[in-house]
Every structure is written in structure tokens, then in C-alpha cells.
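In: this one's sequence-less:
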């Protein structure tokens with residue numbers, strides 16, 4: 001008997017198509033699933049951002065309000081200290097002979113003659129407060145008045161407790177202006193913005 005010489009036919013193997021189900025069985029995801037997951041994550045992020053938006057708006061409003069109050073506070077400190085020393089200068093020039101007498105017999109100003117000490121103190125009390133008021137060379141003005149304030153304390157030994165407290169208060173305010181600066185409402189600040197390259 002003659003056998004058939006042809007080789008036996010192989011059984012056909014079904015092709016595997018990249019369907020979502022097949023990839024899901026293998027623990028993989030299709031590109032569309034990835035896009036869907038990314039979209040869902042973005043939606044969750046947007047929801048979280050929207051939930052926090054009122055909080056951030058409140059924080060920003062609070063920050064702006066404090067910045068505005070700080071500006072007014074800086075200006076108020078400068079005006080207060082300036083008027084104290086300016087009034088003292090006006091009192092000195094109102095009766096110059098009495099002022100010279102006080103510097104020669106009451107105030108123990110070291111080194112300087114009474115006339116020179118009186119002239120320097122009066123000039124400083126009338127000129128430096130103007131610098132504080134307009135905010136020009138503010139730190140220089142604050143430093144000059146701070147030194148004048150210190151000399152006034154050490155040169156008048158009979159100053160009472162109330163007077164010492166006043167001078168300490170003025171000294172603290174002047175030190176704050178010197179280290180902190182004049183604030184936004186000042187010529188110094190305007191010049192800084194104009195001259196700073198952007």
C-alpha cells in the first residue's frame with residue numbers, strides 16, 4: 001500500500017489581537033486606558049485646586065492688607081518722631097539766649113562750647129525731622145537724631161523717670177527707622193525703584 005507522501009497539515013493557531021481584555025489579563029493597559037487615567041488624575045487635581053482657591057485668596061488678601069497697614073505704620077512712626085524733635089527745635093530758637101544759657105549751665109555737653117552745641121542741636125532738630133517726614137536720606141536722618149537723643153540723655157543728669165522713658169521710646173523708634181527703612185511712602189523708595197535696573 002502506498003502511503004501519502006505529503007506531510008501532515010499543522011493545526012492553525014488563532015491570532016491574538018491587542019484587545020483591551022487581553023492586555024487586562026496580562027496586567028497591562030492600553031493607551032486609551034492610560035489617557036483616561038491621566039484625565040481622571042487631572043480632574044482630581046483640579047478639584048483639589050478649586051477647593052483650596054478660597055483659602056489662597058484669603059491668604060493673599062490678608063497679606064495685602066498687612067502690607068498696606070505696614071506702610072501706614074511706617075509713615076506714622078516717621079511723622080511722630082519728626083514732630084517731637086522739630087517742636088524741640090522751635091522751642092530753642094524761640095528764646096535763643098535761654099537756649100545758650102541752658103547748654104552752658106544745665107546741659108553737660110562734652111568738648112563743645114555752649115554756643116556751638118546749641119547751634120548744632122537746634123540745626124539738627126529742625127533739619128533732620130524734615131528728612132524723616134519726606135523720606136529722603138531717611139536712615140541718615142534717623143541716625144543723626146538717634147545720636148542727638150543719646151547725647152541729650154547723658155548730658156542732662158537730672159532728667160526724671162518720665163523723661164528717660166520718652167527718650168528710650170524715641171530711641172527705639174529711630175532705631176527701627178534706621179534698620180527697617182522709611183517704608184513705601186518715601187522719596188528714598190521712589191528713587192530706589194527708579195534707579196534699580198529691571
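Out: It's in. Note that the structure is predicted; figures quoted are calculated from it, not measured. Numbers count the residues shown, from 1 in each chain.

In: secondary structure element for the residue nearest to residue 114 when sequence neighbours are not counted?
Out: Among residues not flanking residue 114 along the chain, residue 104 sits closest, at 3.4 Å (C-beta to C-beta, 6 or more residues apart in numbering). Backbone N, C-alpha and C define where each C-beta goes, glycine included. Using DSSP states H and E, residue 104 sits within helix 96-105.

In: mind giving me the packing neighbours of that helix?
Out: helix 114-134 (3 or more C-beta pairs under 8 Å, 6 or more residues apart in numbering; DSSP states H and E).

In: buried stuff in the helix it packs on?
Out: Neighbour-count burial for helix 114-134, counted by 16 or more other C-beta atoms under 10 Å, picks out 114, 117-119, 121-122, 124-126, 128-129, 131-134.

In: same question for stretch 188-198.
Out: Per 16+ other C-beta under 10 Å, stretch 188-198 contains these buried residues: 188, 189.

In: ok so, going back, so what touches the helix holding residue 104?
Out: Taking contacts as C-beta atoms under 8 Å, 6 or more residues apart in numbering, the residues outside helix 96-105 that touch it are 92, 93, 109, 114, 115, 117, 118, 121, 122.

In: list the contacts for the second one?
Out: Listed by C-beta under 8 Å, 6+ apart, the contact partners of residue 93 are 99, 122, 126.

In: now do stretch 119-127, average pLDDT.
Out: Averaged over stretch 119-127, pLDDT sits at 96.

In: pull the distance from it to the chain's centre.
Out: Relative to the chain's own centre, stretch 119-127 is displaced by 32 Å; criterion: C-alpha atoms, centre = their mean, to the nearest Å.

In: could you do stretch 129-139 as well?
Out: 20 Å.

In: check stretch 55-64 too.
Out: Worked out by C-alpha atoms, centre = their mean, stretch 55-64 lies 16 Å from the chain centre.

In: and stretch 60-76, by the same measure?
Out: Relative to its parent chain, stretch 60-76 has a centroid offset of 10 Å by C-alpha atoms, centre = their mean.

In: same deal with stretch 143-163?
Out: Using C-alpha atoms, centre = their mean, the offset of stretch 143-163 from its chain centre is 31 Å.
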